[in-house]
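A.B. asks: how would this look folded up:
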Amino acid sequence: MTPGPHHRRGIALMIGATLCWSSAGVLVRSQGVTDAWEITFWRSLFMALFLFGVLVVQYRGDFVRRVAATGVAGFVSACLWSVMYVCFIVALSRTTVANTLVVCSISPFMAALFGRIFLSERVPMRTWIAMAAAIGGIVLMFVESLGTEGASGTLIALAIPLAFGVNVVLNRKMHAEVDMVPTVFVSGVLSCLVVLPFALPFDAQGTDFVNLVALGVVQLGMGCVLMVHAARHLSAAEVGLLAVVGVRLTGIKPSRRNESTTSGPVGSWLGVANAMPTSAPATVPTPRSTNTPRKPEVDSTETAAM
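C.D. replies: Predicted coordinates for the structure are as follows:
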């Protein structure tokens, strides 16, 4: 069946979200702050300030009511966004980048499964195949870096695809009733409050804030808002599949210490690229700390996606 204009618009919006998320690599490598908790704090703060301004201009005196109108579902969605932001950092501080990203790559399966259970969305066989190909591509990218170390971090990383899947379903279910963009604003506020104790003392100064603002406004804020709008027109499986492409586009390199990436295999890109025609992190870059989730540092060769 030929995709309609709304479906094509959804794909365009989701590709835009993926491109925004993929900017993390350049932005993180271009600034001097290495503490992942601090990066997440500033990024969340600037995202919240940006969306606050956008929503106030859009709804004027109706801003508070619009935020409240999202109700319990909106608050849950905001919490799920925050879970993804924070768990990515904690996971990377306890296990390898490769383990974390491979676990995150099952997000489209979670979205498809929850979409099927809660929204009765049928997932065509070609989409299942595309998702398997995308995940296979991610695994090939990091096959040399996978390991059994950091079991606790790997388990924490599982919260990310679970939260993503539920959040996509919530956004799809609620979009006809209420604007869900305010939930992204609330998630920024929640994330700031959660990570602040771990982000202190701050090291950012001067020109660092140019990239930190860009991370908050473009990489996180615009990326998440575009995904919220895309979820109005795409199935949960399609949103998840397109999101996986962002892992490859971010240019994340698990090069910290003994981590490596298989840069050669053509199949690593084909697995993801082949998923694009059918449909297809956020995550935030953070490196891996050896002992505690406090103060994980970002290596100059690593990036953040969610």
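
A.B. asks: remind me which residues of the stretch 101-250 of the chain are low pLDDT?
C.D. replies: 134, 137-139, 141-150, 245-250 (pLDDT under 70).

A.B. asks: The residue of the chain most remote from its centre and residue 55, how far apart?
C.D. replies: For the chain, the residue at maximal distance from the C-alpha centroid (CA atoms, centre = their mean) is residue 61, at 30.9 Å. The spacing between residue 61 and residue 55, counted by CB to CB, to the nearest Å, is 12 Å. Every residue, glycine included, has its C-beta placed from N, CA and C.

A.B. asks: repeat for residue 24
C.D. replies: Distance, residue 24 to residue 55, using CB to CB: 24 Å.

A.B. asks: can you pull out the helices in the stretch 1-150 of the chain?
C.D. replies: Assigned by DSSP state H, counting those that start in this stretch, the stretch 1-150 of the chain shows helices spanning 5-22, 24-29, 36-59, 63-69, 71-94, 97-104, 107-119, 125-142.

A.B. asks: So what touches the helix or strand hosting residue 196?
C.D. replies: Following DSSP states H and E, one finds residue 196 within helix 181-199. With CB atoms under 8 Å, 6 or more residues apart in numbering as the test, helix 181-199 has contacts from 35, 37-38, 40-41, 44-45, 47-48, 51-52, 55, 66-67, 69-70, 74-75, 77-82, 85-86, 89, 216, 220-221, 224-225, 228-229, 293-295.

A.B. asks: Any idea how many residues pack against residue 34?
C.D. replies: The tally of other residues near residue 34 (other CB atoms under 10 Å) stands at 17.

A.B. asks: typo on my end, it should be residue 126
C.D. replies: If you count neighbours by other CB under 10 Å, residue 126 ends up with 12.

A.B. asks: Likewise for residue 40?
C.D. replies: Using other CB under 10 Å, residue 40 is surrounded by 29 other residues.

A.B. asks: Looking at residue 24 and residue 55, which one has more neighbours?
C.D. replies: More neighbours surround residue 24 than the other of residue 24 and residue 55, with 32 against 20 (other CB under 10 Å).

A.B. asks: Report the contact partners of residue 67.
C.D. replies: When contacts are counted by CB under 8 Å, 6+ apart, residue 67 touches 55, 74, 182, 185-186.

A.B. asks: again, 7 Å this time
C.D. replies: Going by CB atoms under 7 Å, 6 or more residues apart in numbering, residue 67 touches 182, 186.

A.B. asks: Equivalent analysis for residue 204, please.
C.D. replies: Taking CB under 7 Å, 6+ apart, we find residue 204 in contact with 33, 38, 42, 212.

A.B. asks: The last one should be in a helix, yeah?
C.D. replies: Yes. Remark: residue 212 belongs to a helix, assigned using DSSP: H, G, I helix; E, B strand; the rest coil.

A.B. asks: what about residue 33, how many residues close to it?
C.D. replies: A count of nearby residues for residue 33, using other CB under 10 Å, gives 20.

A.B. asks: That one and residue 214, how far apart?
C.D. replies: Distance, residue 33 to residue 214, using CB to CB: 13 Å.

A.B. asks: Tell me the spacing between the closest residue in space to residue 77 that isn't next to it in sequence and residue 56.
C.D. replies: Closest residue to residue 77 apart from its sequence neighbours, by CB to CB, 6 or more residues apart in numbering: residue 183 at 4.3 Å. Using CB to CB, residue 183 is found at 16 Å from residue 56.

A.B. asks: more neighbours, those two?
C.D. replies: Comparing residue 183 with residue 56 by neighbour count (other CB under 10 Å), the higher total belongs to residue 183, at 27 against 14.

A.B. asks: about what we covered before: what two of the contacts of residue 204 are the furthest from one another?
C.D. replies: Largest separation among these by CB to CB: 38 and 212, giving 8.9 Å.

A.B. asks: Can you tell me the SS state at residue 233?
C.D. replies: Applying three-state DSSP: residue 233 is coil.

A.B. asks: on contacts alone, who are the packing partners of the host helix or strand of residue 226?
C.D. replies: Here residue 226 sits within helix 223-230, counting by DSSP H and E. Contact analysis of helix 223-230 by 3 or more CB pairs under 7 Å, 6 or more residues apart in numbering; DSSP states H and E lists helix 5-22, helix 181-199 as its packing neighbours.

A.B. asks: Could you rerun that using 8 Å?
C.D. replies: Using 3 or more CB pairs under 8 Å, 6 or more residues apart in numbering; DSSP states H and E, the elements in contact with helix 223-230 are helix 5-22, helix 181-199, helix 236-249.
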